[in-house]
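>>> Sharing a model prediction with you, sequence too.
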Amino acid sequence: MQKPMEKSCTLLVHFDKGAPSVANEIKEALECNDVPAKIDALKKAIMLLLSGETIPQLFITIIRYVLPSENHTVQKLLLLYLEIIDKTDSRGKVLPEMILICQNLRNNLQHPNEYIRGVTLRFLCRLNETEIIEPLIPSITANLEHRHPFVRRNAVLAIMSIYKLPEGQHLLEQAPEIIEKVLSTEQDHSCKRNAFLMLFNCAQDGALSYLFTHIDRINDWGEQQQMVALELIRKVCRSRKDGKGKYIKIIISLLNAPSSAVIYECAGTLVSLSSAPTAIRAAASTYCKLLQSQSDNNVKLIILDRLNELKNSHKEILLDMVMDVLRALSSPNLDIRRKTLDIALELLTTRNVDEVVLMLKKEMVRTQSGELEKNGEYRQMLVQAIHTCAIKFPEVASTVVHILMDFLGDTNVASAMDVVVFVREIIETNPKLRASIITRLLDTFYQIRAARVCCCALWIIGEYCLSLSEVESGIVTIKQCLGDLPFYAEFTEEGEAQDAPKSSRPLNAAVTSSRRPTVLADGTYATQSAALETAMSSPTRAQGLVSSVGNLRALLLSGDFFLGAVVACTLTKLVLRLEEVQPIKIEVNKAAAWALLIMVSVLQLGQSPVLPHPIDNDSHERTILCVRLLGNTGDDMKKIWLQSCRQSFVKMLAEKQLQEKEEIKAKAQISHAQPDDLIDFYHLKSRKGMSQLELEDEVQDDLKRATGEFTNDGANRLNRILQLTGFSDPVYAEAYITVHQYDIVLDVTVINRTKNTLQNLCLELATMGDLKLVERPQNYTLAPQSSKQIKANIKVSSTETGVIFGNIVYETSNVLERIVVVLNDIHIDIMDYISPASCTDSAFRAMWAEFEWENKVAVNTVIQDEEEFLNHIIKSTNMKCLTPRLELEGECGFLSANLYAKSVFGEDALVNMSIEKQEGKLSGFIRIRSKTQGIALSLGDKITLKQKGGA
């Protein structure tokens, strides 16, 4: 039995199937004289038809009782009903009863009301049956002269739709000439746009003739007509290479149009059609103006994406516009600010770096004045941007480092941490600034509130306080921030302060009282010391006491003993350096005694019961080591403490710079052309009849051709072709897959290898995973030994491995049943979605702690070398290794590395590889974490498949 074909639908209406209507009820409502009831019945009938029901008995009822109605809503619904009903039989012939509606349509086209005429003309735009349309053509063309523009513009669209039908050119032979006449006399912008669109689609030469005839008045056209003109120019320039310059002139003249949409399209068209510096500069300037004039954040983000694309291909032209781009920082949106800074930082040169840094400094000051919600995050971005400027151009470091140091006490810990890391790098790479940076750091150290920032600042003080005055100032600053010793004291019943034994005091004691109050120096009474009260307070309260008690003291009393170990190390370095620069031995011994007293007090505090948890073993051992070292110093130990630590830091910076240089060098080594490629010397070109813009465009095209930017993708295309059917199948099919962010385009070539004509050939596709078919491919008729290109669009919603499967179904004249050819499955690889990316170690750890989806893959491979296995996984997963290569060198039998990649949807993929070599075999685990389940599972499957060392 022949299977009915699925028909195309031109109408979509939401239908609630919870209350189905009966055909008899609809029929009764249509026969009554109540207009609201007829309207409701017609709506129900349309919804039933759209849901797949067939109600053939309603047609005659509608012809008798609905067709004569004068109500506008009824007439509109009637046309929708006529649009979706079957008008042909199984052989494609128009049903005889359809002749009944022709007279009604003719009456509507001659109706005195313009709304009835307009909606009827719009209905005819979606009608494909020439037998119904042919008698109506005189009435349609007569509506081109109607007084109302609503009727005229729909009449133009109806003529265009009829002319595009397979037999349309025979029905309306003079259609282009009629529309050209309408276009020359029409005054309404929407009518002119539709008429120009008709010429664009059906008579391109006529559209070009009109364009050049009215080129002087193109800025006076309506917005929609200008958009059609731009589309026409794009289409013509892609098909005809000659005379491109005159079209580019038209586009440049349209850059002065009042419509922002037209200006944006002009800029995009200029970039796609021309490489001339004049054209690119005009497009970039237009984007910068739109960036300032548009208030919508989404529009700004799109424009920034376009500027980013321009930066990649025409960086030298955008260098002069970096300040125009930076004006987008006035937007409060963080995504816009981040993209703006990313673009600006890649456009830095010695000519503009001073202006850029000055702008960033002003923005830093502006973040202090406002109390915006995201000021802290924005300040962090600015600090990172200034850091990048100072690393690329060390001469600007002196102008920014002191301003940034004012933000060491920022409440945003991430921002303050970025500042102190920046200061640490600048103080090493700029020896001339060391003295001023140390002085400023010691002056502002008391403002630092975060323990991590204090640790880094203490390291800087310990390493770079070199002169006698600096060392002494460093020791004094630390003593002031720690306050009086000991850190806590307890009182006996007699009022004397002494240390209490551990067993005599509960761990979580809240208040320590005495029966007799103690008389303080100012004559007041007290029952416990302020030091103990501070120690007993909660961490939150201790943080609030930073300004009153001293930042180091408050942080230590909140239980941060790692900071205590850092204080001990810093004091040890300062005392060791004091021995070298201080000739008076008594002063050195005094400083050493103070340092030992501070370390012992830290150990005492760590072992006291007044804090919720004792000192950890690592911090305890580190502090004990410092105590022993100050008691017995030697030259070897001095060398390790005073030199080796900084040498390691210098080595880390050198490795970072080397890695950046290698990445730049790798990009520069990409070959765009072969040595024996021909070069066209443009100086020998004939300049006759060419404008400056055309000459620039020709030169740029030649340069691109010579450097290989105009490449032939034929070889790459062949590598990505997938065979869908066998060579012995009656229909051969192969597909070329293009993955572009959220879209997958299947370009399927179908070849009829039989001697019969294949009718109603259809490519039926289905998907598995987060893939969705956008549209169903049409039916085709394939002649013997002929081929057909069929395109199918698929939307992707997440980074996940998907599968596309389907059939090719067709009919032949000899066989009544439909023949099905099953296609091979198409696997969409996750590697098409993810690309290597970089992030900081802190960002990686934060995401690792935040992401909830984890996939743990056990290592099972024949590869025996750890580094070789790591390189194999990196190559197989298209990820980037964040762990520096120098840290992976050496033979220790163990390797741990972090990998990172980002998908086109903005998803992060984190991988941690921990492997160990035992008895010549690698073992361990690869952990994958992501925010979504799909990427974690798909990446795990990919690693499982590839880890054994296969291709």
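Okay, I see it.
>>> ranges for the helices of the stretch 101-250 of the chain?
Secondary structure of the stretch 101-250 of the chain (DSSP state H, counting those that start in this stretch): helices at 114-124, 130-133, 137-142, 149-163, 168-171, 175-185, 189-202, 204-213, 223-239, 244-254.
>>> what packs against the longest one?
It refers to helix 223-239. helix 189-202, helix 204-213, helix 244-254, helix 260-273 (3 or more CB pairs under 8 Å, 6 or more residues apart in numbering; DSSP states H and E). (C-beta placed from N, C-alpha, C; glycine too.)
>>> related to what we said a few turns ago, adding mean pLDDT, distance to E655 and mean neighbour count, write the helices of the stretch 101-250 of the chain out as JSON lines.
Output for those, formatted as JSON lines (pLDDT from 0 to 100; distance: least, CB to CB, whole Å; neighbours: other CB atoms under 10 Å):
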{"stretch": "helix 114-124", "mean pLDDT": "91", "distance to E655": "69", "mean neighbour count": "21"}
{"stretch": "helix 130-133", "mean pLDDT": "86", "distance to E655": "76", "mean neighbour count": "17"}
{"stretch": "helix 137-142", "mean pLDDT": "90", "distance to E655": "76", "mean neighbour count": "16"}
{"stretch": "helix 149-163", "mean pLDDT": "91", "distance to E655": "66", "mean neighbour count": "24"}
{"stretch": "helix 168-171", "mean pLDDT": "83", "distance to E655": "70", "mean neighbour count": "14"}
{"stretch": "helix 175-185", "mean pLDDT": "88", "distance to E655": "68", "mean neighbour count": "18"}
{"stretch": "helix 189-202", "mean pLDDT": "89", "distance to E655": "59", "mean neighbour count": "23"}
{"stretch": "helix 204-213", "mean pLDDT": "88", "distance to E655": "60", "mean neighbour count": "16"}
{"stretch": "helix 223-239", "mean pLDDT": "86", "distance to E655": "48", "mean neighbour count": "18"}
{"stretch": "helix 244-254", "mean pLDDT": "83", "distance to E655": "48", "mean neighbour count": "20"}
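>>> now the ones you listed in a markdown table, with distance to W848?
Listed next are these as a markdown table, based on distance: least, CB to CB, whole Å:
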| stretch | distance to W848 |
| --- | --- |
| helix 114-124 | 57 |
| helix 130-133 | 65 |
| helix 137-142 | 67 |
| helix 149-163 | 57 |
| helix 168-171 | 63 |
| helix 175-185 | 64 |
| helix 189-202 | 54 |
| helix 204-213 | 57 |
| helix 223-239 | 47 |
| helix 244-254 | 49 |
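>>> so which of these comes closest to A936?
helix 223-239 (42.0 Å; CB to CB).
>>> V588 touches E580, doesn't it?
No. Using CB atoms under 8 Å as the test, V588 is too far from E580 to be in contact (9.6 Å).
>>> more neighbours, the two?
V588 (17 against 13; other CB atoms under 10 Å).
>>> What strand or helix carries that one?
Using DSSP states H and E, V588 sits within helix 585-606.
>>> next helix or strand past that helix?
helix 617-631.
>>> Name the residues of that next one that come out as buried.
619-620, 622-623, 626-627, 629-630 (16 or more other CB atoms under 10 Å).
>>> rewinding a little: tell me which of the helices and strands packed on helix 223-239 sits nearest to H148.
Closest among the helices and strands packed on helix 223-239, using CB to CB: helix 189-202, at 10.2 Å.
>>> Show me what the closest one is packed up against.
helix 149-163, helix 175-185, helix 204-213, helix 223-239.
>>> That one: how far from the chain's middle?
How far helix 189-202 lies from its chain's middle: 37 Å, per CA atoms, centre = their mean, to the nearest Å.
>>> Show residues contacting it.
Outside helix 189-202, the residues that touch it by CB atoms under 8 Å, 6 or more residues apart in numbering are 149, 152-153, 156-157, 159-160, 163-164, 175-176, 179-180, 182-183, 186, 206-207, 210, 221-225, 228-229, 231-232, 235.
>>> Now do the strands for the stretch 801-950 of the chain: every range, in order, please.
For the stretch 801-950 of the chain, the strands defined by DSSP state E, counting those that start in this stretch occupy 802-811, 819-822, 826-828, 834-836, 853-858, 880-881, 894-903, 908-918, 921-930.
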